[in-house]
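Peer 1: Take a look and give me a structure for this.
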Amino acid sequence: MRGHSGKARVELERGIIMRHEQPNRHILVVDDNKAIHDDFLKILQPQVEPDVVSRTRAALFGESSHVTRRDSYQVDCVDQGEAAVMLARRAREEGQPYAVAFVDMRMPPGWDGLETIERLWEEDTELQVVICTAISDRPWEEITERIGQNDKLLILQKPFNSIEVLQLATALCRKWDLAHEVAGQLDELNKQVDKRTAELQGANERLTHTNADLIRIVADLEVAQAEILRQNDALERLASRDPLTGCFNRRAFYAQFEQAFAESREHNTELCCLMVDIDHFKRVNDQFGHAVGDQAIQAVAGCLSAGLRLTDTVGRYGGEEFCLMFSRTTLAEAPDLAERLRTQIEAEAGERVRAASRLVITVSCGISSTALGARTPLELIDQADKALYAAKEGGRNCVMVLDPIIAGANASDQCEPQVRRITPRVSPSPMSR
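Peer 2: This next block holds a predicted model:
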């Protein structure tokens, strides 16, 4: 295709839109007949002489008589297609394109009308064209087959009158103005869209960066939260655990014991308490020193913890004394558990104290149960402590249980507890190295 490149054409069209804020009345006439040129000039650039009334008013009142003009068009006339193309190219380059071209069909010896139109549209695709043709010229089917159906092409049959020419010029110039007005609006709209798109892209980039920052912050917060939870767990363990044995300390154990006692009363289940005390612990401290005494406490705590069920709990109650609770355990079951723990301690605890060879560690144990009628957790512990005292008095290294005795003939009569030994009596084992 001849003419400007795509980029140059776009820039040129933008320039044309900018310059044509005023209506475009620029018309090109292409006809090899000079008389036709004069006809178009008379129609499109007429001067109307003052009428009789205007002349009379001027004579009577001394007013000047004005020559009235219709809408004036800027008309350029050429006799050949080549010249028309040159004018169209120069007009576009100057930013004053033609709105309408009236083109004769036959213009020997140069291009005919159809080739002229094709070349003009190569230079200016927005040009409105009127073919001036006689009936004997080419039929409409041949014209459309050559240049296709086009809304910028009209037919003006010869001979034509001035009204037809003026109507076509007016309508097609207005059509050109509207098309370029729309093009200008679209261009401005595209600029606004591009600007808004750039703003949205910038906002999106900022949001993306902000979102990335938030993700990093959330990740940091999650790490910090995990660290806080870990430290809270560590603090909770420090606050609830005995530092020497790792068992629950007295405060934490009693809090759990209170909860278990309440659940036992609520669900009408039995709860047993076991008090454990290391036998002759003062002798261990005196004979081997407090460091070995601490190891003896740790050894007993290790045996107790290793022998517990998942539902059982052990706490260091004070000094060499431990307290255990057996949830949902009857007074008939608890003695067997306690005896098993006692024998395990006797067999293993001494071997765990490496600082003193051949050390034998034994414990005395006392058992009580909610079946004995304790009204508070502390009362249940006191009952187990009484059984423990009885074990100490009974030779140590044994398990004593507090059993109820029916004082009357009926089972509903008041129950009074008594101590019963669980561990079979054997010769006492000396506690020595």
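Peer 1: Quickly find the element holding the nearest residue to Ser162 once chain neighbours are set aside.
Peer 2: Distance criterion CB to CB, 6 or more residues apart in numbering; nearest residue to Ser162, sequence neighbours excluded, is Ile43 at 4.4 Å. C-beta here means a position set from N, CA and C on the backbone, and glycine is covered the same way. Using DSSP states H and E, Ile43 maps to helix 34-44.
Peer 1: buried ones in that helix?
Peer 2: Neighbour counts over helix 34-44 (16 or more other CB atoms under 10 Å) mark Ile36, His37, Asp39, Phe40, Ile43, Leu44 as buried.
Peer 1: residue contacts, the fifth one?
Peer 2: The reference is to Ile43. Residues in contact with Ile43 (CB atoms under 8 Å, 6 or more residues apart in numbering) are Ser162, Val165, Leu166, Ala169.
Peer 1: again, 10 Å this time
Peer 2: Arg70, Tyr73, Val75, Phe160, Asn161, Ser162, Ile163, Glu164, Val165, Leu166, Ala169 (CB atoms under 10 Å, 6 or more residues apart in numbering).
Peer 1: before we move on, what about the second one?
Peer 2: Under the criterion of CB under 10 Å, 6+ apart, the contact list for His37 reads Val29, Val30, Asp31, Val75, Asp76, Cys77, Val78, Asp79.
Peer 1: Farthest-apart pair in the residues you listed, please.
Peer 2: Val75 and Asp79 (14.1 Å; CB to CB).
Peer 1: So which of those two has more stuff around it?
Peer 2: Per other CB atoms under 10 Å, whichever of Val75 and Asp79 has more neighbours is Val75, with 20 against 17.
Peer 1: and the more buried one, what element?
Peer 2: In this assignment (DSSP H and E), Val75 forms part of strand 74-78.
Peer 1: Can you list the strands that that strand pairs with?
Peer 2: Strand pairing for strand 74-78, using DSSP bridges, gives strand 26-30 (parallel).
Peer 1: quick one on the thing from earlier: by neighbour count, which of the contacts of His37 wins?
Peer 2: Val30 (29 neighbours).
Peer 1: how about that residue, what does it touch?
Peer 2: Contacts for Val30 (CB under 10 Å, 6+ apart) come out as 36-37, 76-81, 83-85, 87-88, 101-104, 107, 111, 113, 116-117, 120, 129, 132.
Peer 1: Kindly report the same for Asn24.
Peer 2: Asn24 touches 16, 73-74, 96-100, 173-174, 176-177, 180, counting by CB under 10 Å, 6+ apart.
Peer 1: so which strand or helix has it?
Peer 2: Under the criterion DSSP H and E, no helix or strand holds Asn24.
Peer 1: would you list every one of the helices in the stretch 101-250 of the chain?
Peer 2: Ranges of helices within the stretch 101-250 of the chain are 113-123, 140-147, 162-240, 250-267, based on DSSP state H, counting those that start in this stretch.
Peer 1: what about the third one, distance to the chain center?
Peer 2: For helix 162-240, the distance from its own C-alpha centre to the chain's C-alpha centre is 16 Å (CA atoms, centre = their mean, to the nearest Å).
Peer 1: just the angle between that helix and strand 74-78, please?
Peer 2: Helix 162-240 runs at 110 degrees relative to strand 74-78, counting by axes from the mean of the first three to the mean of the last three CA atoms, to 10 degrees.
Peer 1: elements contacting helix 162-240?
Peer 2: helix 6-19, strand 26-30, helix 34-44, strand 100-104, strand 128-133, strand 153-157, helix 250-267 (3 or more CB pairs under 10 Å, 6 or more residues apart in numbering; DSSP states H and E).
Peer 1: ok, now with 7 Å
Peer 2: helix 6-19, helix 34-44, strand 100-104, strand 128-133, strand 153-157 (3 or more CB pairs under 7 Å, 6 or more residues apart in numbering; DSSP states H and E).
Peer 1: what is the rounded mean pLDDT of the second one?
Peer 2: Okay, so that is helix 34-44. Averaging the model's pLDDT scores along helix 34-44 yields 93.
Peer 1: Tell me where the model's unsure across this protein.
Peer 2: Low-confidence segments of the chain (pLDDT under 70): 1-21, 47-59, 61-71, 135-138, 405-416, 427-433.
Peer 1: From Ala384, how far off is the residue nearest in space to the middle of the chain?
Peer 2: Centroid check for the chain by CA atoms, centre = their mean gives Asn211 as the closest residue, at 7.8 Å. According to CB to CB, to the nearest Å, Asn211 and Ala384 sit 62 Å apart.
Peer 1: before we move on, what about Ala355?
Peer 2: Distance of Ala355 to Ala384, computed by CB to CB: 31 Å.
Peer 1: Show me which residues of the host helix or strand of Arg283 are buried.
Peer 2: According to DSSP H and E, Arg283 maps onto helix 281-288. Within helix 281-288, the residues that qualify as buried are Phe281, Val284, Asn285, Phe288, counting by 16+ other CB under 10 Å.
Peer 1: Looking at these, which one is closest to Thr376?
Peer 2: Using CB to CB, the buried residues of helix 281-288 come closest to Thr376 at Phe281, 28.5 Å.
Peer 1: Need phi/psi at the residue nearest to the closest one when sequence neighbours are not counted.
Peer 2: Closest residue to Phe281 apart from its sequence neighbours, by CB to CB, 6+ apart: Glu320 at 4.1 Å. As for Glu320, its main-chain torsions (degrees, to the nearest 10) stand at phi -100, psi 20.
Peer 1: cool, and the one 5 residues further on?
Peer 2: Main-chain dihedrals, Met325, degrees, to the nearest 10: phi -130, psi 140.
Peer 1: Quick check on the closest residue to Arg265 other than its chain neighbours: phi, psi?
Peer 2: Take Arg265 and drop its neighbours on the chain: the residue closest to it by CB to CB, 6+ apart is Thr370, 7.6 Å away. When read as degrees, to the nearest 10, the backbone of Thr370 gives phi -60, psi -20.
Peer 1: what sits against Thr370?
Peer 2: Contacts for Thr370 (CB atoms under 7 Å, 6 or more residues apart in numbering) come out as Ser264, Glu270, Leu271, Leu380.
Peer 1: Let me know the helix or strand that the last one is in.
Peer 2: Read that as Leu380. Under the criterion of DSSP H and E, Leu380 resides in helix 377-393.
Peer 1: next structured bit after that helix?
Peer 2: Following helix 377-393 in sequence, per DSSP H and E, is strand 399-406.
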